[in-house]
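**Student:** my questions are about this predicted structure, shown below with the sequence.
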Amino acid sequence: MPKGILGRKLGMTQVFDDDGHLVPVTVVEAGPCVVVERRTRDKDGYTAVQLGLGELPDRKVTKPLGGQFARAKVSPVRILREIRVDDVSGYEVGQKVSADVFEPGDTVSVTGRSKGKGFAGGIRRHGFKRGPMAHGSKYHRAPGSLASRDAARVFKGRKLPGHLGAERVTVRGVKVLRVDPDKNLLILKGAVPGPRGGLLAIREIVTARSRKRV
């Protein structure tokens, strides 16, 4: 069965691996999720499963979502996300997906929304170099020339100060070190996108071959 689950980032810590090395890890509360809907190539043009995470009071359920939950015969969930898979035959509507879908040693890709940094200048946002800091210089951290010359406009795609972070980021090749099915925890090696409490989509590693197929 293709592996995929939703979770929330709890934070980072460090553990000792089997060789006695101290490894930085990210602790993720993965699931439990429920399969709300299946997307098939014949009906929808692509294959995916729609997973739900968290509980939602009935008073907050909109009529369109209420009909979807009723059709699937599942309790209302707070978060709905789709995870692309090559084959949906391993999933059934109403099925529970928990952290034990993964095993130690699995390689996964983690998708989340990076931390928002607010408005940032060119040096922080794009790694620009600063000007001379001597007293005679009046150019320190400004963006510099826009290279438009006679065009009298800013060319599209020009790197300038602006909003930094809060973007969808995917990290591939993350190794699963430990799995705690009783507490629905995944211990992932290294860092993953997003702040503490951020939503994450974890799925088995996406290869070039499977991307072409989808």
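**Tutor:** Arrived safely.
**Student:** C-terminal to the top helix by length along the chain, which secondary structure element comes first?
**Tutor:** As assigned by DSSP state H, the longest helix anywhere in the chain is helix 63-72. Next in sequence after helix 63-72, counting helices and strands by DSSP states H and E, comes strand 77-84.
**Student:** rewinding a little: residues in contact with the longest helix of the chain?
**Tutor:** Contact with helix 63-72 is made by 36-37, 61, 75-77, 80, 93-94, as judged by CB atoms under 8 Å, 6 or more residues apart in numbering. For every residue, glycine as well, the C-beta is placed using N, CA and C.
**Student:** highest neighbour count among these?
**Tutor:** Within these, neighbour counts (other CB atoms under 10 Å) peak at V36, which reaches 23 neighbours.
**Student:** which residues touch it?
**Tutor:** 50-52, 68-69, 72, 74, 77, 80, 93.
**Student:** redo that, cut-off 7 Å
**Tutor:** Applying CB atoms under 7 Å, 6 or more residues apart in numbering, one finds that V36 lies in contact with 50-52, 68, 72, 74, 77, 80.
**Student:** which SS class is it?
**Tutor:** strand (DSSP: H, G, I helix; E, B strand; the rest coil).
**Student:** local confidence estimate at it?
**Tutor:** On pLDDT, V36 comes in at 91.
**Student:** tell me where this structure has helices.
**Tutor:** Going by DSSP H, the chain shows helices at 41-44, 63-72, 122-126, 208-213.
**Student:** what's the burial count for Q68?
**Tutor:** There are 18 residues near Q68, going by other CB under 10 Å.
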